[in-house]
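Engineer: give me coordinates for this.
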Amino acid sequence: MPVANVHSPRTTARAKRVRSIRSLRRGDTVEARSGGTTYFRGEVQDTAPGLSTVWIRDESTGLRTAASMDDFTFWKV
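Structural biologist: So this is what the prediction gives:
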């Protein structure tokens with residue numbers, strides 16, 4: 001797993017938890033968190049609701065990463 005990104009408390013305070021991947025759209029900005037740590041933050045590139053997976057273009061690395069609701073909670077910022 002990659003090194004966690006550090007984000008300001010302001011981002012965390014106004015973020016809204018995503019309960020269903022179907023509510024995400026291309027271009028939304030999300031954070032993928034696990035255990036209170038943000039691992040990815042960036043723009044939604046694609047979704048696969050049947051697989052509970054979101055592809056995110058990470059802001060800090062520019063890499064496209066697949067993240068699953070099985071491993072992360074998603075937060076729309």
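Engineer: switch to C-alpha atoms for all contacts and neighbour counts from now on
Structural biologist: OK.
Engineer: for this structure, which segments count as helices?
Structural biologist: Assigned helices in the chain, in chain order: 9-14 (criterion: DSSP state H).
Engineer: ok, the residue located most distally from the centre of it to residue 31 distance?
Structural biologist: Distance from the centre of the chain peaks at residue 50, with 17.0 Å (Cα atoms, centre = their mean). Going from residue 50 to residue 31 by Cα to Cα, to the nearest Å gives 20 Å.
Engineer: residues in contact with the residue lying closest to residue 58 once chain neighbours are set aside?
Structural biologist: For residue 58, ignoring the flanking residues on the chain, the nearest one in space by Cα to Cα, 6 or more residues apart in numbering is residue 42 at 4.5 Å. For residue 42, the contacting residues are 29-31, 56-59, by Cα atoms under 8 Å, 6 or more residues apart in numbering.
Engineer: do the same with residue 52
Structural biologist: Residue 52 touches 21, 68-70, counting by Cα under 8 Å, 6+ apart.
Engineer: rerun that using 10 Å as the cut-off
Structural biologist: Applying Cα atoms under 10 Å, 6 or more residues apart in numbering, we find residue 52 in contact with 20-22, 67-71.
Engineer: kindly report the same for residue 66.
Structural biologist: 40, 44-48, 53-57.
Engineer: for it, name its beta-bridge partners.
Structural biologist: residue 55 (DSSP bridges).
Engineer: what of residue 30?
Structural biologist: Counting by DSSP bridges, the residues bridging with residue 30 are residue 42, residue 76.
Engineer: pLDDT score assigned to it?
Structural biologist: For residue 30, the pLDDT comes out at 98.
Engineer: which of the contacts of residue 42 are buried?
Structural biologist: Buried by 16 or more other Cα atoms under 10 Å: 29-31, 56-58, out of those.
Engineer: nearest to residue 76 among the residues you listed?
Structural biologist: Nearest to residue 76, judged by Cα to Cα, of the buried ones among the contacts of residue 42 is residue 30 at 4.4 Å.
Engineer: looks like that closest one contacts residue 72 (just checking).
Structural biologist: No: assessed by Cα atoms under 10 Å, residue 30 is found out of contact with residue 72, at 11.5 Å.
Engineer: perfect, that will be all.
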